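Q: quick one, what's the 3D model for this:
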Amino acid sequence: YLVTDWLIALARETDHSFMVRLVKGAYWDGEIKHAQQQGLVDYPVFTRKCHSDVSYQVCAERLLAAQDVIYPQFATHNAYTVALVQELASAGQSFEFQRLHGMGHLLFDEILEKNPDTPVRVYAPVGNHKDLLPYLVRRLLENGANSSFVNRFLDAEVPTGELLRDPVEDARSQPLGRHPQIPVPRELYSGEAAPWPNALGIDLSDPLDVVNLLDTLAVAAARPWQSAPIIGGKWLEGKQRDIRNPAATDTVVGQVVEADDEAIEQALQRATAAQASWNAAGAKQRADCLERTAELLEQQCGELMGLIVAEAGRTIDDALSEVREAVDFCRYYGSQGRAAFARSRPLPGPTGESNELSLHGRGVFLCISPWNFPLAIFTGQVAAALMAGNTVIAKPAEQTPLIAARAVSLMLEAGIPGDVIQLLPGDGAQVGGALVNDERVKGVAFTGSTDTAKLINRQLAQRQGPIVPLIAETGGLNVMLVDATALPEQVVDDVITSAFLSAGQRCSSLRVLYLQEDIADTVIAMLQGAMQELEVGDPAALATDIGPVIDTQARSMLERHATRLREEARLLACCELGPRHGSGHFFAPQVYEIQRLSQLPGEVFGPILHVIRYAARELPQVLEDINASGYGLTLGVHSRIDGFARDVFNATRVGNTYINRNIVGAVVGVNPFGGQGLSGTGPKAGGPHYLLRFATEKTRTENVTAKGGNTQLFNLQE
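A: Residues are numbered from 1 along each chain as shown. This next block holds a predicted model:
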């Protein structure tokens, strides 16, 4: 109704008249879902239908009262709404009703029989079958909704009085207004056994929020950032190396001092000495530290986003998602750990015997994180290891040490002792290799390439002493299967997001798109058009869809692969790069059609999508090829047939399967993330079993009758 008032005022101020079509905007599940996913403060839509009805009534009243500048048009199939408009309208006022062709004709036939002068406009969709069928299905779904007037009117079990309830009285009967079963986004997970607050987001479509955010991002990007070994809470000095912006390589984001042998030894000594006391500190203290870390991450969200954009080349939207994921990791593992590590768990046993199980830290945990999620994965690994009672030596990727240093600084500020968390930036082979081979390291969490994970596994196996756990999350040859029943528009939208978001530099990114031949040409044509609209450029600009790849090595690998494909495959689409992209590590998103999955010997980490056509009869072979690849990280299925999606899920060995949606953006506690086979060891990050892998278990069994007395009688007396 605020928009209605604005339109009326604009018409009078400019001496213009408007035709205004009023359509009832109810509460939409999709918008509520998106607000929850984005962590917004509140919902942009009503959560009760009665409030939508009241809003329509208010707008109708105001439009009818502004006859001098407004010709109102009321689009509805609701008999109550029609009666309302007729009651509000005075004699001589001009207005019209509107209905859709094929819907509402019984209602309006009745109206026209009694009032033949009432204008009724009929909207008829025009187009071919493939365009009209989805439109018809959408309208049927809307009118078939359980809260729809049309649905309830046709239900013989709904009393007439229910259809005639006054929405104003309904609204007044709801003292809290909001629907009680739809929590605000912040409280989305409050009903869980181990609740945690949903990380706050920013509405990037709100100009007021964006103005302040862009200022913060600019300040953060201009700040001279630093990174160095942080041992015992103190920064070590040494020779510095420049860290450059991958979108503008002539821009220095900051400097890093890399760890040498002396720093590695100091970190090992301090972490080893501090582990027992940190484990004994208890679950509450450790969880409190993680929750304070989450609060600090949220408070510094804009600053961290600016640093992620500048150092890692991530877009603003990606950077926001990453900060929120880091916050969720801290809160989720803290909430889980309070319950799992707080006390011993009693176990069943015979009368007269006491049995209990408790969880403890393993010792010093080495956390090796990648550059593609320089804050989220870094924080998630460290938070889990700390919550389980381990001390941590964190080894960030060489490309993104500045973000890691800022994260550790916030952890220290949150109260995590300096000897409990050590940061060692530097070369992977030198720093990581030395730590993996040291027997004081009792566990390793690694995210990165499959080859590096295998190397770490071999190094750990060759060590003397106890067997050391390796938690590895590696790459994937991720596939999306699309059958002939899928909605092409939704497929293309999800393919663009899955294949090219973050410049295709997610381990979950889509690499291979299988299209059933019946719809392949249609989907490919849409995909080609959609790619022409992608904006490749400065990740610090809101209009940018795709930023740079991380460095020269990554771009060179992609260029070699593209050169091979231009000889062996058919180029379907390619985004254009211009002179403005010459100062950064930009690589144009590309799509190629290949014949079989075996043409790809492994993961190609970047914005190159491979398309394979298949016939329905070839589905068993397609599933066999997916399993034969050895990878099993993410899989997408697009189909309107439940049985198809179920059969694909059951037949494939993949960690995360996504049906009729994109395959990226796993949410902590909601989409536990991790693969099988060449894609990782498990357990899944952000899932209920992850913390347990960082811990060791102890059981205590006691014969209580040996203390004397009759245990059975004692229990009865209690």
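Q: show me where the stretch 601-718 of the chain has its strands.
A: Secondary structure of the stretch 601-718 of the chain (DSSP state E, counting those that start in this stretch): strands located at 608-614, 631-632, 634-638, 656-659, 676-677, 695-703.
Q: check the stretch 351-500 of the chain too.
A: Using DSSP E, counting those that start in this stretch, the strands of the stretch 351-500 of the chain run over residues 353-361, 364-368, 391-395, 421-423, 441-447, 470-473, 479-482.
Q: alpha carbons of the first one, in CSV - could you do that?
A: Read it as strand 353-361. C-alpha atoms of strand 353-361 as CSV (Å, rounded to 0.1, in the frame of the first residue of the first chain):
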residue,chain,number,x,y,z
GLU,A,353,28.1,-52.5,36.6
SER,A,354,28.6,-48.9,35.5
ASN,A,355,29.7,-48.1,31.9
GLU,A,356,30.4,-44.7,30.4
LEU,A,357,32.1,-43.3,27.3
SER,A,358,33.9,-40.0,27.0
LEU,A,359,35.5,-38.0,24.1
HIS,A,360,38.9,-36.4,24.3
GLY,A,361,41.3,-34.5,22.0
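Q: okay, now the unreliable bits of this protein?
A: Confidence mapping of the chain against pLDDT under 70 gives the ranges 25-29, 140-155, 175-176, 708-718.
Q: sorry, back to before: looking at the strands of the stretch 601-718 of the chain, which is closest to residue 189?
A: For residue 189, the closest of these is strand 656-659, at 19.5 Å, according to CB to CB. Where you see a C-beta, it was placed from the backbone N, CA and C, and this is true even at glycine.
Q: list of residues touching the closest one?
A: Defining contact as CB atoms under 8 Å, 6 or more residues apart in numbering, one finds that strand 656-659 is touched by 508, 633-639, 645, 648-649, 663, 666, 671, 673-675.
Q: how far does stretch 648-660 sit from the chain's center?
A: 18 Å (CA atoms, centre = their mean, to the nearest Å).
Q: among the strands of the stretch 601-718 of the chain, which comes closest to residue 442?
A: Of all the strands of the stretch 601-718 of the chain, the one in closest proximity to residue 442, counting by CB to CB, is strand 695-703 (8.8 Å).
Q: in JSON lines, list the strands of the stretch 351-500 of the chain along with distance to residue 114.
A: Putting these into JSON lines (distance: least, CB to CB, whole Å) gives the following:
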{"stretch": "strand 353-361", "distance to residue 114": "75"}
{"stretch": "strand 364-368", "distance to residue 114": "75"}
{"stretch": "strand 391-395", "distance to residue 114": "77"}
{"stretch": "strand 421-423", "distance to residue 114": "78"}
{"stretch": "strand 441-447", "distance to residue 114": "70"}
{"stretch": "strand 470-473", "distance to residue 114": "69"}
{"stretch": "strand 479-482", "distance to residue 114": "52"}
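Q: for residue 159, which of these is the nearest?
A: Shortest separation from residue 159 across the strands of the stretch 351-500 of the chain is recorded for strand 479-482, at 45.7 Å, computed as CB to CB.
Q: strand partners (parallel or antiparallel) of that closest one?
A: Based on DSSP bridges, the pairing partners of strand 479-482 within the sheet are strand 512-516 (parallel), strand 634-638 (parallel).
Q: deepest-packed of these, please.
A: Ranked by mean neighbour count under mean count of other CB atoms under 10 Å, these are led by strand 634-638, which reaches a mean of 27.
Q: got a list of contacts for that one?
A: Contacts of strand 634-638 with the rest of the structure, by CB under 8 Å, 6+ apart, involve 476, 478-483, 486-487, 490-491, 494, 498, 508, 510, 626, 644-645, 648-649, 652, 654-664, 675.
Q: next up, the contacts around residue 139.
A: By CB under 8 Å, 6+ apart, the contact list for residue 139 reads 100, 103.
Q: swap in residue 460?
A: Neighbour list for residue 460: 436, 444, 468, 470 [criterion: CB under 8 Å, 6+ apart].
Q: tell me how far it lies from residue 448.
A: Here the distance between residue 460 and residue 448 works out to 15 Å (CB to CB, to the nearest Å).
Q: and what of residue 548?
A: When CB to CB is applied, the distance between residue 548 and residue 448 equals 20 Å.
Q: neighbour count: those two, which is higher?
A: In this view residue 548 and residue 448 are compared by other CB atoms under 10 Å, and residue 548 has more residues nearby, 27 against 22.
Q: shouldn't that one be in contact with residue 584?
A: Yes - counting by CB atoms under 8 Å, residue 548 does reach residue 584; the two are 4.5 Å apart.
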